[in-house]
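Q: I would like the atomic coordinates for the input below:
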Amino acid sequence: MPSPPGTDAPRRLIDALRYVGPGLILTAGIVGTGELVLTPRMAAEHGFSLLWLVVLGCVIKVFVQVELGRYAVATGTPTLRAMNDIPGPRLRVSWILWIWLPVFIAMISVVGGILGATAEVLRMAGVDMDRRMLAAILGVLCALLLGSGRYGVVELVCTALVAVFIFATGFAVVALQWTPFAVTWTNIAEGFAFELPPNFATAFAAFGLIGVGAAELMYYPYWCLEKGYGQRVGPRTDRGVWLGRARGWLRVMRVDAWSSMIVYTTSTVAFYLLGAAVLHAKGLEVANQDLVQTLAHMYQETFGSFGLVAFLVGAFAVLYSTAFAGSASNGRLLADAIGLWSRETPDPDSDLHRRRVRWCSIAMPLYATAVYLVLPQPVTLILINGIGQAILLPFLGGLALYLRYRRLEQELRPGSLWTTFLWVSASCMACVGLWQLVQEIARRL
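A: Residues are numbered from 1 along each chain as shown. Model prediction:
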């Protein structure tokens, strides 16, 4: 059994950085549809005025993320299993899983829209092929990459793609300062005036996706367990020793979560600034038609003739990493869901579970590709997914609070300051979800 992180601060940091990984996979899934499509769409509609909402959406949900991860690492229980333990009515599984199920269908369907947008990127790069055929090829390639079902493959691919799009987007924002679209301190001040626009539909859909969306909140505990955090906590043979190991690996998990938060917040703000400075100023709309061509303006105004190339490289990395990480994560959710609906006792080390994860991961991009072939509307698919995730957010916030107060060991519970922020996080998520639900009901009356 590996020892917990060291006692001195430098040693703890070194040990923690060795095991950072789940956050990178999460970042690959996070910085994608919400950032490349919905964030610029929101910026194009509202300019700099909603920059505060972007930052809030990235930072505030990390407290719920860590709390779900804390419970998983301490108990070895992934998200769906924790949800299934929620008190209340049951029809084979807990009532909350029946609410989750339609959102999950939207979560796996949106990958089709991402593959379609990735196909458009390749067409702009000069690949002379029908976009549906390209999307199908990309989906099959994603399935083949995920066929191993191994954590290391997912982490390696996601790390490489994350590095590419962070570099491309960061450089674009810096280069923007030497153009007529330069971002000024007045623009930043406008972004933190905390104004609310009359039409908030896109903003709330974006809030459901930017930062740690409902999907990523559910994914994170699975990747923490697959990375080995829970296994390294070990059995509870000696309570004092076990608590020491648990506290050590929970510190590692927090370093991982906050490190990924810094990365995806920086990237999301960069996308928003590009959209507000360029798309809003030029009066461009991010829609299903000419989606990729419209987004390319953000880079062409900063890089000039080289801008299109920079955008295509960055966009491909962003979109395909999201499709890849999302399919891998959804495959693990589906494998766990099959076990829950079958009332099986989970054994993550069994050959049956590993085979199930592998085949479910393969099935995810293939199903998503079929969805896109039937409904080739990437922005529409992304918006539907964002709305579904926004509605699910209050339930995940409530789950985090329930686990903190009812299921977690007293010695591992967070302090009063963290708990206060956890309540704020869960409350913000509840407001977003309830607002989205009211809007959907009003739209149908």
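Q: which residues are in contact with Y372?
A: Shown in contact with Y372 (C-beta atoms under 8 Å, 6 or more residues apart in numbering): G112, G113, L115, G116, R132, A135, G139, P378, L381. For every residue, glycine as well, the C-beta is placed using N, CA and C.
Q: now do T118
A: The contact partners of T118, by C-beta under 8 Å, 6+ apart, come to L134, A135, L138, A315, F316, L319, Y320, A323.
Q: out of those, who's the most crowded?
A: Among those, the one with the most neighbours (other C-beta atoms under 10 Å) is A323, at 31 neighbours.
Q: ok, back up a step: please narrow the contacts of Y372 to those residing in helices.
A: G112, G113, L115, G116, R132, A135, G139, P378, L381 (DSSP state H).
Q: contacts only, for the third one.
A: For L115, the set of contacting residues under the criterion of C-beta under 8 Å, 6+ apart consists of A135, L138, G139, C142, L319, A323, P365, A368, T369, Y372.
Q: circling back to that earlier point, dump the contacts of T118 into a markdown table; add pLDDT and distance to V93 as well.
A: Formatted as a markdown table, the contacts of T118 follow (pLDDT from 0 to 100; distance: C-beta to C-beta, whole Å):
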| residue | pLDDT | distance to V93 |
| --- | --- | --- |
| L134 | 92 | 38 |
| A135 | 91 | 33 |
| L138 | 93 | 33 |
| A315 | 75 | 39 |
| F316 | 81 | 38 |
| L319 | 80 | 33 |
| Y320 | 82 | 33 |
| A323 | 85 | 28 |
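Q: and of those residues, the nearest to P89?
A: Nearest to P89 among these, counting by C-beta to C-beta, is A323 at 35.5 Å.
Q: list the buried residues of the helix or strand W242 falls within.
A: Here W242, judged by DSSP states H and E, is contained in helix 239-274. By neighbour count on 16 or more other C-beta atoms under 10 Å, the buried set for helix 239-274 is 242-243, 245-246, 248-257, 260-261, 263-265, 267-274.
Q: quick check: next helix or strand after that helix?
A: Next along the chain after helix 239-274, taking DSSP H and E as the criterion, comes helix 281-282.
Q: find the nearest non-adjacent residue to G331, please.
A: S361 (3.0 Å; C-beta to C-beta, 6 or more residues apart in numbering).
Q: sorry, wrong one. I was asking about C428.
A: C428's closest residue in space is I60 (C-beta to C-beta, 6+ apart), at 5.2 Å.
Q: low-confidence ranges, the stretch 51-200 of the chain, go.
A: Applying pLDDT under 70 to the stretch 51-200 of the chain flags the ranges 148-159, 161-162, 165, 196-200.
Q: same thing but at 50, please
A: For the stretch 51-200 of the chain, no stretch has pLDDT under 50.
Q: also the stretch 251-400 of the chain?
A: For the stretch 251-400 of the chain (pLDDT under 50), the answer is none.
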